[in-house]
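Student: Sequence and predicted structure, then a few things I'm wondering about:
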Amino acid sequence: MIRTPRHFRLTGLRRLADEELADHIRQGDGVAYEVLFERHGGAAFSLAYRMCGRRTLAEDIVQEAFLSLWRGRGFDPARGSVRSWVLAGVRHRALDSFRHQTAKAGLDVHDDVAAKGLVADDRTDTQVQREDDAQQVRGALVELPAEQRQVIELAYYGGFTHSEIAGMLDLPTGTVKGRMRLGLTKLRLSLADLVEAVA
Amino acid sequence: MSVNGNTHDHDSGDDAAAYVLGALEPREAADYLRHLTLCTRCREELAALAPVTDALASAVPHVPAPPDLRRRVMRAVKDQQRGEAERADRRGRKPLRLPTRAIALAGGFAAACAALVLAFVAIPHGHETPRVVSARVMGSPGAAQLRVSHNHAELVVWHLPPPPAGRIYEVWLRRGSTAPAPTSALFSVTSGGAAKVDVPGDLRGVSQVLVTQEPAGGSRVSRHRPVIVASFT
């Protein structure tokens, strides 16, 4: 097998931590950006799919999000991890697509349906660990009182404002905000170790 | 909003939770961001809750991405890179209209840095015509200049990349070595990366005009590196 210079570059870049990759990306290194996609593209697609429930739309969201992040190249370590930066970009793009399409699909996408019929890729140890962490977060969500989980999921994955949620559930806006706060506080306590690692 | 601006006697957590979930209305989010510059308690509450939403982003069930998605994304990025290189190349060849000596000088100057730096131009006619002030663009192949007249200025930009979703460009004024002060000038760019922005306020005493990327609605305090710097000598 002939190994090209690009192959050697990829191998070298794959050894770098996310923040070091971000430095290369800031300088316009497209190969470093490919490594970034390699690491976080899967999570990006999963989030986009969870939010919109449609495969083709999720692909478009991920492509637009990564292109937008490339144009900006503005990762700021003070605001969180590289992974958070990528997933926040995907979420923003998904919410934009909701606004333009005036449709917020995906609220009834169930975990088992989401993965059904799709071939699992070969996952590294890191990816397995991440899936375990994700399972822990999902478990913590399930443990929340239903009314707290509902407002958090409607806001975060559905992109609804507290006013819209209040209208949907026929509740005062203060009640909606209060449930958000109680739910997030409980999650913070349940996931204390994990949240520190993510941050 | 439950916030009344006093740093101690309001319930800070409800707005923090709604904010990190992205559930505040745009105007409320802008007001909340301004409030954060005044309220330590709210900043602490926000810092405590923000990592939880990072966990939510990663908590969705794993769904394998289609195998050709990586190729599509990288092709789009390569197209963007090619476009950036062509624009930079066009600017390097732009002084075709100038005398030959000026072409050589301008070519060498443009080749010296990736960002475009415009020379200070004084127009010695005795009339109040706008003067052009140095503007440096960082991190992108865009260009910018300040047009100053009667202690007021207009910022003109070209080929500036659009800010990411949920973010906006904000203009700041720095006087001497003090921290930059925010202005009400928030802007995005056209599909071609162009914008013209009136810089608010009197420029007397201003040493630099800066532009940063901020969350939608702007910020009162910026922790971001400027993307445009125009310095008055």
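Tutor: Received, thanks. Given the structure is predicted, the values throughout are model-derived calculations rather than measurements. Residues are numbered from 1 along each chain as shown, chains lettered A, B, ... in the order given.
Student: show me where pLDDT drops low in chain B?
Tutor: B:1-13, B:92-130, B:141, B:165, B:190-192, B:216-217, B:233 (pLDDT under 70).
Student: how about the strands of it, start to end?
Tutor: B:131-133, B:136-137, B:143-149, B:152-158, B:167-174, B:181-187, B:195-199, B:208-215, B:228-231 (DSSP state E).
Student: Any idea which of the ones you listed gets closest to chain A?
Tutor: strand B:208-215 (5.8 Å; C-beta to the nearest C-beta). Placement of C-beta: from N, CA and C, glycine included.
Student: Counting by contacts, list what that closest one packs against.
Tutor: Helices and strands touching strand B:208-215, as assessed by 3 or more C-beta pairs under 8 Å, 6 or more residues apart in numbering or on different chains; DSSP states H and E, comprise strand B:152-158, strand B:167-174, strand B:228-231.
Student: hmm, 7 Å instead?
Tutor: Contacting strand B:208-215 under the criterion 3 or more C-beta pairs under 7 Å, 6 or more residues apart in numbering or on different chains; DSSP states H and E are the following elements: strand B:167-174, strand B:228-231.
Student: Pull out the buried positions in that strand.
Tutor: By neighbour count on 16 or more other C-beta atoms under 10 Å in any protein chain shown, the buried set for strand B:208-215 is B:209-214.
Student: Just want the angle from it to strand B:143-149.
Tutor: 130 degrees (axes from the mean of the first three to the mean of the last three C-alpha atoms, to 10 degrees).
Student: Of the strands of chain B, which is nearest residue A:180?
Tutor: Proximity to residue A:180 (C-beta to C-beta) singles out strand B:208-215 among the strands of chain B, at 19.1 Å.
Student: So what's the gap between that closest one and the chain middle?
Tutor: From the chain centre to the centre of strand B:208-215 is a distance of 5 Å (C-alpha atoms, centre = their mean, to the nearest Å).
Student: re the thing from before, need the helices and strands packed on strand B:208-215 in a markdown table (columns: distance to chain A and mean neighbour count).
Tutor: Shown next, in a markdown table, are the helices and strands packed on strand B:208-215 (distance: least, C-beta to the nearest C-beta, whole Å; neighbours: other C-beta atoms under 10 Å in any protein chain shown):
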| stretch | distance to chain A | mean neighbour count |
| --- | --- | --- |
| strand B:167-174 | 8 | 22 |
| strand B:228-231 | 13 | 21 |
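Student: Let's have these in CSV, adding distance to residue A:34.
Tutor: What follows is these, written out as CSV (distance: least, C-beta to C-beta, whole Å):
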stretch, distance to residue A:34
strand B:167-174, 24
strand B:228-231, 29
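Student: Please tell me how far the residue nearest to the spatial centre of chain A sits from residue A:170.
Tutor: In chain A, the residue lying closest to the centroid (C-alpha atoms, centre = their mean) is residue A:87, at 3.7 Å. Residue A:87 is 32 Å from residue A:170, where distance means C-beta to C-beta, to the nearest Å.
Student: Could you do residue A:134 as well?
Tutor: Distance of residue A:134 to residue A:170, computed by C-beta to C-beta: 32 Å.
Student: Now do the same contact list for residue B:17.
Tutor: The neighbours of residue B:17, taking C-beta atoms under 7 Å, 6 or more residues apart in numbering or on different chains as the test, are A:177, A:180-181, A:184, B:49.
Student: Repeat that for residue B:23.
Tutor: A:155, A:160-162, A:180.
Student: now those: which count as buried?
Tutor: In the contacts of residue B:23, burial by neighbour count holds for A:155, A:160-162, A:180, counting by 16+ other C-beta under 10 Å.
Student: Return only those of those residues found close to chain B.
Tutor: A:155, A:160-162, A:180 (C-beta under 7 Å from any C-beta of the partner chain).
Student: So which of those residues sit within helices?
Tutor: Counting by DSSP state H, the part of those found in helices is A:155, A:162, A:180.
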